[in-house]
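In: this is a predicted model, with the sequence first.
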Amino acid sequence: MSKLLLGLVWAIVAACVIFIVALPINLQTHLIAGAIVLTMMMTLKLLRPDGTWRLIALALGTAIVLRYVYWRTTSTIPPVSQLENFIPGLLLYLAEMYSVFMLALSLFIVAKPLPSRAASPIDDADLPFVDVFIPSYNEEPALLADTIAAAKAMDYPQERLTVWLLDDGGTVQKRNAVNIIEAQAAGERHEELKQLCADLGANYLTRERNEHAKAGNLNNGLANSTGQLVAVFDADHAPARSFLRETVGYFAEDPRLFLVQTPHFFLNPDPLERNLKTFDTMPSENEMFYGIIQRGLDKWNASFFCGSAAVLRREALEETDGFSGISITEDCETAVELHSRGWNSVYVDKPLIAGLQPATFASFIGQRSRWAQGMMQILRFRFPPLKRGLSLPQRLCYMSSTLFWLFPFPRTIFLFAPLFYLFFDLQIFTASGGEFLAYTLSYMVVNLMMQNYLYGRFRWPWISELYEYIQTVHLLPAVVSVMLNPRKPTFKVTAKDESITISRLSELSRPFFVIFAVLLVGVAVSAWRIYAEPWKSDVTLVVGGWNLLNLILAGCALGVVSERRQRTATRRVKVNRRCDFGHDGLWLPAMIEDVSVNGARIKVHGGKASELIALGQANIRFATLSGGEPATLPVNIRNSEKEGDGVAVGCQYLRSAPEHHRAVADLIFANAEQWTEFQQSRRRNLGVVIGTLWFLRLALFQTWRGLVYLFRGSGRSPEKTQNSMPSGARA
């Protein structure tokens, strides 16, 4: 009864808001109302940022957004009789309505996301049998070894845990290929990985033919295993020791649970973070999805499978004949099908794996193109809005997840719309400069405030716009292609373990410089038109300001496509673990300060440290988190320097035995708490004003840096060239 009453109250309030929004008011009244709403939102943000007050602030912002929508719909669209104005004007209107619709879906999903909840502990005797699938195609054996070793080291009864390397790079089809070189390479890979799995205690499995890409590979694993649960890790996603302990308990609580999904945490920056140097200070792009959106989806039982770092119930997968493979995003497609059959999902908001993401801009775009095309295929073949079996909230959630990837269309329109007026004098927006400024500016500021309310600690102002812009240039043709031929896209493995040896422009950078030049000409045309046509200066000023904003965004993107030199694929992770550093019976006390998948930085104490360093090789001995005998790991000494009362030594691992891979996995992957601590250190809300000023400063510097890269040539850097520390010290 109380819920019904509450719903009635909200319905009445909503009706009143809509009535007020539709009232004819003059420009001055609108400005006053907008200022009052903004003041109230900012006050509530400072005093009452959470709970019901947060919803009230979002409702106030929604009223301004609706007022803008009403004004745009009733007063600004050019007449149909002027097709040269009406067509681009209608396209701009539709782009704005898409943005408003996506904002509405976001409000529904994440206005009040579900808090994390822990699973009930289970006695070891009652734990389910788990098969761990590590699908692989062309990854290096060293990378696979770390992932396998970390999976085998998980805190779980070994008799109930089976690790499978599912190798699609050594299939019978590839080993018998017509190309002799490719066939030999596949055969060598097949034998090498079989031996690697035998050494590490894992099962090696391949298949006859490479059919249905990753989904087919996973289904082959299902056909050859029997565990009640299936954990899936990408080849570069190594789990922490606690992964299964923190996930399998949910399945005992809900017999209709098919999925427990955890976040993807990355050891290395994506191209934007690396080239703009924001990885250590700004929340990563994926944190908005995993930190807020997945929690919001979880509230509506719509959290979906993300391809890795997840546990699934075999019984549920058998109901759908395994993982779905119609689209190239088999993960989300599988979740849609199982949700529609009445199965449930749970999202655990804690990073329990560490992996790699694309390092170069070209690989980043390749990955995002696959995601975008796959989501368009799901929209085409599964069509979640009308999928039988889904609840209304689930339909809305999947609509948000799939329709999001249409953003290249409105982003392109927003980018070039001002140029229709500046270059061709088209009136695609019938309003005075004052009206345009008042309504649009209040809408933009309120939109920024609402985004800050929803994602403030996870996404700083203007960063979403930057990410969308840098993807739009190349994703637009990819999305159009899949719309015209939805069965054309094929699954392509994204390169991850990459390094950039010289500072250079990305091979995909040319369109960004062309667009920047066009927008720069638009600024010059704006200035000329203000001087030459003073009677239209109000409109020209507003449109010119819009174009200038686009130019700032495009300028910042020049820094994104200017690839910084970085020899190592992964970043250092601070660990602070005690160890012994020595060789041939001589051991000195030391502290492991940071590690990477390639090496470590160790601070050695003792007067004989210089003697050990002079040898060029040594061993580090440390207690493992799993207990038992201490691990001993041989290292190459790459560099050293006096530091306080000790010597800081940069080391590179020498892996020549299975126990060495286990030692590396224990050093860098075993402790999940370090990933949480690192994420929390970056999560802070800058606010709209400070965040905007920060972005302007960033954009100005990156514009300069991108232009310097362009004029100095692709092989030279505007920064002083320095010898990078070797991977053992930097990683």
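Out: Right, received. Where do you want to start? Numbers count the residues shown, from 1 in each chain.
In: once you drop chain neighbours, what's closest to Thr692?
Out: Excluding the flanking residues, the one nearest Thr692 by Cβ to Cβ, 6 or more residues apart in numbering is Pro461, at 5.3 Å. For the C-beta atoms, the positions are set from N, CA and C on the backbone; glycine is no exception.
In: tell me if the one you found really is in a helix.
Out: No. Counting by DSSP: H, G, I helix; E, B strand; the rest coil, Pro461 falls outside a helix, being coil.
In: strands of the stretch 401-550 of the chain, start to end?
Out: With DSSP state E, counting those that start in this stretch as the criterion, the stretch 401-550 of the chain has strands at 504-505.
In: so which residues of it form helices?
Out: Assigned by DSSP state H, counting those that start in this stretch, the helices in the stretch 401-550 of the chain fall at 408-424, 433-455, 463-484, 510-532, 537-560.
In: before we move on, back to that, OK, contacts around the residue nearest to Thr692?
Out: 448, 451-452, 686, 688, 691-692, 694-695 (Cβ atoms under 8 Å, 6 or more residues apart in numbering).
In: swap in 10 Å and give it another go.
Out: By Cβ atoms under 10 Å, 6 or more residues apart in numbering, Pro461 lies in contact with 448-449, 451-452, 455, 686-695.
In: roughly how far apart are it and Tyr455?
Out: Distance of Pro461 to Tyr455, given as Cβ to Cβ, to the nearest Å: 10 Å.
In: was I right to think Ala202 contacts Gln158?
Out: No. Using Cβ atoms under 10 Å, Ala202 makes no contact with Gln158, being 11.7 Å away.
In: what's the average pLDDT for stretch 56-64?
Out: Throughout stretch 56-64, pLDDT has a mean value of 86.
In: so of the helices of the stretch 401-550 of the chain, which one's packed in deepest?
Out: Per residue and on average, the most neighbours among those fall to helix 537-560, with a mean of 22 (mean count of other Cβ atoms under 10 Å).
In: which element follows that one toward the C-terminus?
Out: Downstream of helix 537-560, the first helix or strand assigned by DSSP states H and E is strand 562-563.
In: which neighbours do Ala202 and Gln158 share?
Out: Joint contacts of Ala202 and Gln158 (Cβ under 10 Å, 6+ apart) are Lys152.
In: who's more crowded, the two?
Out: Set side by side, Ala202 and Gln158 show more neighbours around Ala202, with 23 against 10, by other Cβ atoms under 10 Å.
In: quick one, what contacts that one?
Out: Contacts of Ala202 (Cβ under 10 Å, 6+ apart): 132, 134, 144-145, 147-149, 151-152, 162-165, 193, 196.
In: with Leu47 instead?
Out: So Leu47 contacts Trp53 (Cβ under 10 Å, 6+ apart).
In: before we move on, what about Ser464?
Out: 285, 288, 407, 451, 455.
In: from Ala151, how far off is it?
Out: For Ser464, the distance to Ala151 - Cβ to Cβ - is 34 Å.
In: try Val647
Out: In terms of Cβ to Cβ, Val647 sits 35 Å off from Ala151.
In: which one of those two has more residues nearby?
Out: Set side by side, Val647 and Ala151 show more neighbours around Ala151, with 29 against 21, by other Cβ under 10 Å.
In: good, wrapping up.
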